[in-house]
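Q: curious how this folds, go ahead:
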Amino acid sequence: MVSTTIERGTTGTPRRQPLGVQDALWLEMDTPGNLMVVDSLFWTAEPIDWDRYLAAMRERLWERYPVFRSVAVRGDDGTWWWEEQDGAQVESRYEHVVLPAPGGDAELQALVAEQRVAQLDPSEPLWRSVLVDGYRGGSAVLFRGHHAIADGIRMVQLTLSIFDTSPDGTPAAPARGGRRDADGGSTADRPHGVLALTAAAVGGSLQLARTAVTNPVGAAHTALSLTGAAAGALTARTVAALPGDLDTVRKLLLGTRNDNAAWTGHVGDHKVITWTEPLSLAETKRVAHAHGATVNDVLVTCVADSLRAYLDTHGTVCHSVTWDVPVNLQPFDPDLPIVLGNGFALVQLELPTHTPDIEAALRVVQDRMGRIKRGHEAVVDFGIQALIARMSKGLYRATIDLLANRAVGVLTNVPGPQMPLYAAGQKVEAMMGWAPTAADQAMSLTIYSYDAKVFVGLAADADLVPEAHTIMSGFIDAFERLDRLS
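A: Next up is the predicted model:
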């Protein structure tokens, strides 16, 4: 848990508050290819009055939460503290840009992708915001906050606190979330069939050897996938039969069913951002009801099928892809405490990518989600995070890398407000964001519902996940197939 002790020195001495153990863990996990920064984005159809917006930001965030006026400093004993800066100004945390013509999705996505690898200055408060004009004739805001400040659900609440419920400026209530359930080129010249499989096997042999050390189950699963689909399917059915808690032990001790795939490798500092056109939340609920599933089950199944289609296009045999899924463990507080911090665990959700039968994939997703919900994986993982946070830097860095590389990335499904919100009098048209990824994780995928719509966005390593936009188009294709079958 986050300590709420606040030190007050003599007159003129900045106030200090200690970072929680796990907050400090996130603080030291930045790598050039994967920064520990939560990126949140929204846009409006009409231009925003920036003076009015900044006034709301100053009142509702800057003046209320000392951490946004503080820098992270380390004491002689190695303890990390948030220390308020003398004379800090909210204006220093903003950058104002105008998108180049034509000011569409491609230009905004390129801006967000560039910012995704822009490191926050450790000598300044660990957050920044980019105020964007010229997007589709309106405005956009990219808010970037380091994970050491707060976890994703609290970042959402903080973002929403800037909004109003009406154009005249009635403040919006904080988001009510609580626990979160399991954030096109041509293929004509590519080899197919046996040649493609042979090339993949030879090219990935060294990577497979490395994976055998860090993720034995994943390595075995990959080997079986390459040598025979039937054997791989048999292993999958055997492992799937484990109860939830035994499944948790298996994931921790032996690894996950996260096969080596087209995106397996070392991440770089070249990122790509892409998103879908929004889905109707009412239609999504109708499709889920028709299949006897939850909305989350349907959307996660669409993620699985879109990955299957992407891998098939890129000549990869892959039976399963694992995601880290954040689960909030703290009681939901509609009035955020002054001291924020992190109170979540990462569970590992193994998605099926072995079958084009999307209804069969849905049943597998339901089964695996059910085992996680019925088990104690979130609580166990939270305890392990606390233990890791107390290790020496070198040891916890190696441990985090080992565990993180058992997943392709981070998948979040955030239930946002279902009424329209306003920023400085302008209606917010869309919201989305991306959690940070660790080690060599290649992707961060977020499903975000707002104002009766579902938005899906992907942040990916551009070199490991070429043509990443096809994953988003594959998501829509998967949903349409489930719709036709409902």
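Q: backbone dihedrals for residue 57, please?
A: Note on residue 57: backbone dihedrals following degrees, to the nearest 10 are phi -60, psi -40.
Q: OK, contacts around it?
A: For residue 57, the contact set (Cβ atoms under 8 Å, 6 or more residues apart in numbering) comprises 90, 129, 162. All C-beta spots, glycine's among them, are computed from the backbone N, C-alpha and C.
Q: now the last one: phi and psi?
A: This means residue 162. For residue 162, the backbone dihedrals are phi -80, psi -20 (criterion: degrees, to the nearest 10).
Q: check the first one too.
A: Geometry field for residue 90 lists phi and psi as phi -60, psi -30, criterion degrees, to the nearest 10.
Q: contacts only, for it.
A: 54, 57, 58, 62.
Q: 6 Å - rerun?
A: Residue 90 makes contacts with 58, 62, as judged by Cβ atoms under 6 Å, 6 or more residues apart in numbering.
Q: okay, it and residue 63: tell me how far apart.
A: 9 Å (Cβ to Cβ, to the nearest Å).
Q: what of the last one?
A: Taking Cβ to Cβ as the criterion, residue 162 is separated from residue 63 by 13 Å.
Q: with residue 417 instead?
A: 23 Å.
Q: looking at the two, which is more packed in?
A: Using other Cβ atoms under 10 Å, the more surrounded residue of residue 417 and residue 63 is residue 417, with 20 against 12.
Q: what about that one, which SS state?
A: At residue 417 the chain is in coil, as set by DSSP: H, G, I helix; E, B strand; the rest coil.
Q: can you tell me how far it is from residue 151?
A: Between residue 417 and residue 151 the distance is 19 Å, computed by Cβ to Cβ.
Q: before we move on, what about residue 39?
A: Residue 39 is 14 Å from residue 151, by Cβ to Cβ.
Q: same check, this time on residue 403
A: In terms of Cβ to Cβ, residue 403 sits 18 Å off from residue 151.
Q: what of residue 328?
A: 7 Å.
Q: so where does the nearest residue in space to residue 483 that is not next to it in sequence fall, helix or strand?
A: Spatial nearest neighbour of residue 483, excluding adjacent residues (Cβ to Cβ, 6 or more residues apart in numbering): residue 287 at 5.3 Å. Element membership of residue 287, judged by DSSP states H and E, is helix 281-290.
Q: below-threshold pLDDT in the stretch 1-150 of the chain: ranges please.
A: Applying pLDDT under 70 to the stretch 1-150 of the chain flags residues 1-14.
Q: so where do the helices sit in it?
A: Per DSSP state H, counting those that start in this stretch, the stretch 1-150 of the chain carries helices over the ranges 21-27, 50-57, 105-116.
Q: so what does the longest helix anywhere in the chain touch, helix or strand wise?
A: If you go by DSSP state H, the chain has its longest helix at helix 295-313. Helices and strands touching helix 295-313, as assessed by 3 or more Cβ pairs under 6 Å, 6 or more residues apart in numbering; DSSP states H and E, comprise helix 281-290, helix 358-374, helix 469-485.
Q: for residue 133, which of those is the nearest?
A: Checking these against residue 133 by Cβ to Cβ gives helix 469-485 as the closest, at 24.9 Å.
Q: and residue 484, how many residues sit next to it?
A: 9.
Q: just to revisit the earlier point, who has more neighbours, residue 328 and residue 151?
A: residue 151 (23 against 19).
Q: that one and residue 340: what is the separation?
A: Counting by Cβ to Cβ, the gap from residue 151 to residue 340 is 8 Å.
Q: again with residue 346
A: Residue 346 is 18 Å from residue 340, by Cβ to Cβ.
Q: does residue 351 belong to a helix, a strand or coil?
A: Residue 351 - assigned by three-state DSSP - is strand.
Q: so it sits against residue 322, correct?
A: No: using Cβ atoms under 6 Å, residue 351 is not in contact with residue 322; the gap is 7.3 Å.
Q: coming back round to it: now the contacts of residue 57 in CSV, with distance to residue 475?
A: Output for the contacts of residue 57, formatted as CSV (distance: Cβ to Cβ, whole Å):
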residue, distance to residue 475
90, 37
129, 28
162, 29
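Q: ok, so of the residues you listed, who is nearest residue 141?
A: Within the contacts of residue 57, the smallest distance to residue 141 is 6.3 Å, found for residue 129 (Cβ to Cβ).
Q: check contacts around residue 113.
A: 271, 272, 273.
Q: now residue 45: closest residue in space that isn't a chain neighbour?
A: residue 138 (4.6 Å).
Q: where are the low-confidence patches of the stretch 351-486 of the chain?
A: 375-400, 402.
Q: redo that, cut-off 90
A: Applying pLDDT under 90 to the stretch 351-486 of the chain flags the ranges 354, 368-406, 414-417, 439, 486.
Q: in strands, which of the contacts of residue 113 appear?
A: 271, 272, 273 (DSSP state E).
Q: quick one: residue 306 and residue 475 touch, right?
A: Yes: taking Cβ under 6 Å as the definition, residue 306 is a contact partner of residue 475 at 4.3 Å.
Q: run the angle between the longest helix of the chain and helix 469-485 for me.
A: 120 degrees (axes from the mean of the first three to the mean of the last three Cα atoms, to 10 degrees).
Q: who are the packing partners of the very next helix or strand once past helix 295-313?
A: Counting by DSSP H and E, the next helix or strand C-terminal to helix 295-313 is strand 320-328. Contact analysis of strand 320-328 by 3+ Cβ pairs under 6 Å, 6+ apart lists strand 344-352, strand 409-415 as its packing neighbours.
Q: strand 320-328 pairs with which strands, and in what direction?
A: The strands beside strand 320-328 in its sheet (DSSP bridges) come out as strand 344-352 (antiparallel), strand 409-415 (parallel).
Q: could you dump those strands to TSV with distance to residue 454 and mean neighbour count?
A: As requested, the strands paired with strand 320-328 are arranged in TSV below (distance: least, Cβ to Cβ, whole Å; neighbours: other Cβ atoms under 10 Å):
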stretch	distance to residue 454	mean neighbour count
strand 344-352	18	24
strand 409-415	9	24
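Q: JSON lines please, covering the ones you listed and showing distance to residue 425.
A: Formatted as JSON lines, the strands paired with strand 320-328 follow (distance: least, Cβ to Cβ, whole Å):
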{"stretch": "strand 344-352", "distance to residue 425": "34"}
{"stretch": "strand 409-415", "distance to residue 425": "25"}
